[in-house]
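> predicted model and sequence follow; I will ask about them next.
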Amino acid sequence: MKSFAISILTLAIICGVIIWNYAYINKIYNYMNETVNSLECNEVSAAKAEELWRFWKKKNIVIALSIPHRVSDELERNLVVLRTKLKNGSNYEFEESKSLVLNSIEEMRIHAEASLDSIF
């Protein structure tokens, strides 16, 4: 009976951690999504992109524990490209890079969702 209770408690803890992780990643997703959507091809946005990059570097270790490395690596690569396009001021290439970052951010959120695959 003790082992059954411990098993149930362990499963509840795992479920709780997965749900907490999803809420945490979703909070990061919301911030990054709002920031990227507010960017335009100008110098003010270049500063915002630098701030977003610092935010990413601060959070990427925790995020990398939650999502596949290929997703976090792709997001990081797309952020670098976005920063470069903003510095160069090319509107067409900037819009393309912005879309790629938004897609990568969405993929990060999808991979962090709570699902049965996350538990078992």
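Arrived safely.
> identify all contacting residues around stretch 93-109.
Applying CB atoms under 8 Å, 6 or more residues apart in numbering, the contact partners of stretch 93-109 are 25-26, 28-29, 32-33, 36-37, 39, 41, 63, 67, 71-72, 74-75, 78-79, 81-82, 84-86. Placement of C-beta: from N, CA and C, glycine included.
> and it, what's buried?
Neighbour-count burial for stretch 93-109 flags Glu93, Phe94, Ser97, Lys98, Leu100, Val101, Leu102, Ser104, Ile105, Glu107, Met108, Arg109 (criterion: 16 or more other CB atoms under 10 Å).
> buried residues of stretch 13-20, list them for me.
For stretch 13-20, a neighbour-count test (16+ other CB under 10 Å) marks Ile18 as buried.
> for it, give the mean pLDDT please.
The pLDDT scores in stretch 13-20 average 88.
> and for Tyr89, the neighbour number?
I think there's a mix-up here, since residue 89 is Gly and not Tyr. 12 (other CB atoms under 10 Å).
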